[in-house]
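Fold the stuff below for me.
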Amino acid sequence: MSTHTTVTIIGAGQAGLAMSRCLTDRGIDHVVLERGRIAERWQSERWDSLKLLTPNWMSRLPGQAYDGPNPEGFMTMPEITRYLTDYAASFNAPVQDETTVFRARRTEIGPGTRPGYVLDTNQGVVNSRGLVIATGASATPAIPEIAGAVPAHVHQTTPKHYKHPGGLPEGRVLVVGASASGVQLAREINASGRPVTLAVGSHTRMPRTYRGFDIQLWLDMMGTLERSYDTIDDIAVARRAPSLQLVGGDHGETLDLNTLRSEGVELAGRLNGVADGRITFADDLAQTCREGDDALLRMLVRMDRWAVLHGIDRSIDPPSRPDRIDTRNAVPSVDVGAGGISTILWATGYRPDNSYLDMDVVTASGEIAHDGGVVTGAPGMYLMGLPLLRTRKSTYIDGVGADADALSNHLTASLARPALSAAAA
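A predicted model of the protein is given here:
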């Protein structure tokens, strides 16, 4: 079966739905293709206890904002799913679920024609003039090559597949990665009675609250989250920056490496190698943590200065400084034999899956070349939901709305352009 529409959106998470709402408001015919259900990743690719890292008041989408009883709280996975499902229903989003895109290609461009896109799916062929890829950056776990050297008897998993500690074998667990997912899972697994070693790489240390305000409120008030991608010197480096080391909780709890140490989690440097039945770690834990501590202190100083500048310094809690991370007794290596590591959980981030794109838009690193979400060299093609796509909050529920508004305006202008003339072709 062949379908024709003006715009095709791939992905029915918050980014795809925000774009759908903006196109609906502009009267642009479109379809949203979803490989599973609305908010599929929130439903099937997150662990059971996970909560949003942003407070509920930041769950703002085009035409909808959180209006529940707990604006300072943090949604659970079922609550997020319900929130997005209700959002889609509120404007009758044209979602076609259980639709997997196998191949996407550009149509031939010739005299009197317009550029367009053809998508081959398990439900037939979809033709459209515009294409929005809203599948985000968390499609495939970014597992390092060293995983191939791990002995076969060691169970390996990722946050995408982990659900709860009971699904892991008994024995010590090595968690690799100390951003938000790594520290949360290290704590949860350790609390289950399984000893945990945490391999710490670059991370962005951040308190949950500071001077009585949630850290996200500070970043929102200071305009940090609104900073545009085109004002950042090295945007490629900024887009690869680790996520904030946070946990969503209703009591404003900060989860850092000192907390994990106090609860019995062993800390180690970056995973260095696997050989002769042992996993070794780099001697860099002290340096890595010092860099994270220094960056945190610089941020707190900025917040204090902002408070003085805006006249609230005397009316809120006084400034404070956290203890530096204690890096003594870092683990140099662990045994993967009997009594050693039974599981490795790779909390090492994700990468997008662009393998279905049969067009010259993917770079050698596997990413799509774009300028603020406008795909380079592909008229009518756009991206949504990627880190720092247009601002620092482009991956937040609270950030996709502004991106969708800007890009839907650009798309609307693109659709209004006349067909190619013979001379232009």
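
Give me the below-cutoff pLDDT ranges for this protein.
Low-confidence regions of the chain, defined by pLDDT under 70, span residues 108-113, 338-339, 418-425.

what's the domain layout of it?
Using automatic domain parsing, the domains assigned to the chain come out as 2-139+352-416, 142-346.

Let me know which of these is tucked in deepest.
domain 2-139+352-416 (a mean of 19; mean count of other Cβ atoms under 10 Å). (Glycine included, C-beta is placed from N, CA and C.)

Where does residue 365 fall, secondary structure wise?
Using DSSP states H and E, residue 365 falls within no helix or strand.

Phi and psi next, for it.
phi -80, psi 0 (degrees, to the nearest 10).

Next: residue 236.
When read as degrees, to the nearest 10, the backbone of residue 236 gives phi -60, psi -40.

give me every residue that touches residue 197.
172, 173, 174, 175, 265, 266, 267, 268, 331, 334, 341 (Cβ atoms under 8 Å, 6 or more residues apart in numbering).

Skip the chain neighbours and tell me the closest residue to it.
Distance criterion Cβ to Cβ, 6 or more residues apart in numbering; nearest residue to residue 197, sequence neighbours excluded, is residue 266 at 4.4 Å.

is it true that the one you found touches residue 198?
Yes - counting by Cβ atoms under 8 Å, residue 266 sits close enough to residue 198 to count as a contact (6.9 Å).

secondary structure class for residue 345?
At residue 345 the chain is in strand, as set by DSSP: H, G, I helix; E, B strand; the rest coil.

And residue 201, by the same measure?
coil.

For it, which residues are in contact?
Counting by Cβ under 8 Å, 6+ apart, residue 201 has contacts 176, 177, 178, 242, 270, 288, 348.

Now do stretch 350-361: everything it contacts.
101-106, 135-142, 160, 362, 366-369, 375-378, 381, 386.

Now with 6 Å, please.
By Cβ atoms under 6 Å, 6 or more residues apart in numbering, the list of residues contacting stretch 350-361 from outside reads 101, 103-106, 137-142, 362, 368, 375, 378.

And stretch 175-189, by the same measure?
For stretch 175-189, contacts defined as Cβ under 6 Å, 6+ apart pick out 53, 159, 165, 173, 196, 198-200, 203, 242-243, 245-247, 255, 260, 265, 271, 345-348.

can I get the CA coordinates of that stretch in PDB?
In PDB, the C-alpha atoms belonging to stretch 175-189 read as follows (Å, rounded to 0.1, in the frame of the first residue of the first chain):
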ATOM      1  CA  VAL A 175      29.000  -0.600  36.200                       C
ATOM      2  CA  VAL A 176      30.900   1.300  33.500                       C
ATOM      3  CA  GLY A 177      30.100   5.000  33.300                       C
ATOM      4  CA  ALA A 178      29.300   7.600  36.000                       C
ATOM      5  CA  SER A 179      26.700   9.900  34.400                       C
ATOM      6  CA  ALA A 180      23.100   9.900  35.500                       C
ATOM      7  CA  SER A 181      22.300   6.300  34.500                       C
ATOM      8  CA  GLY A 182      25.600   4.900  35.900                       C
ATOM      9  CA  VAL A 183      25.300   6.400  39.300                       C
ATOM     10  CA  GLN A 184      21.600   5.600  39.700                       C
ATOM     11  CA  LEU A 185      22.000   1.900  38.700                       C
ATOM     12  CA  ALA A 186      25.200   1.500  40.800                       C
ATOM     13  CA  ARG A 187      23.200   2.600  43.800                       C
ATOM     14  CA  GLU A 188      20.200   0.400  43.100                       C
ATOM     15  CA  ILE A 189      22.200  -2.700  42.400                       C
END
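
starting at the chain centroid, how far to it?
15 Å (Cα atoms, centre = their mean, to the nearest Å).

cool, stretch 201-208 as well?
Per Cα atoms, centre = their mean, the centroid offset for stretch 201-208 relative to its chain is 15 Å.

I'd like the distance between residue 333 and residue 203.
21 Å (Cβ to Cβ, to the nearest Å).

what ranges do the helices span in the stretch 51-200 of the chain?
Along the stretch 51-200 of the chain, counting by DSSP state H, counting those that start in this stretch, helices occupy 77-90, 180-191.

give me phi/psi at the residue nearest to residue 57 when sequence neighbours are not counted?
Leaving aside its sequence neighbours, residue 57 sits nearest to residue 71 (Cβ to Cβ, 6+ apart; 4.1 Å). Note on residue 71: backbone dihedrals following degrees, to the nearest 10 are phi -60, psi -30.

Verify the contact between residue 71 and residue 56 for me.
Yes - using Cβ atoms under 6 Å, residue 71 is in contact with residue 56, at 5.1 Å.

thinking again about what came up before, now for the contacts of residue 201, which pair is the farthest apart?
Within the contacts of residue 201, two members stand farthest from each other by Cβ to Cβ: 288 and 348, at 14.5 Å.
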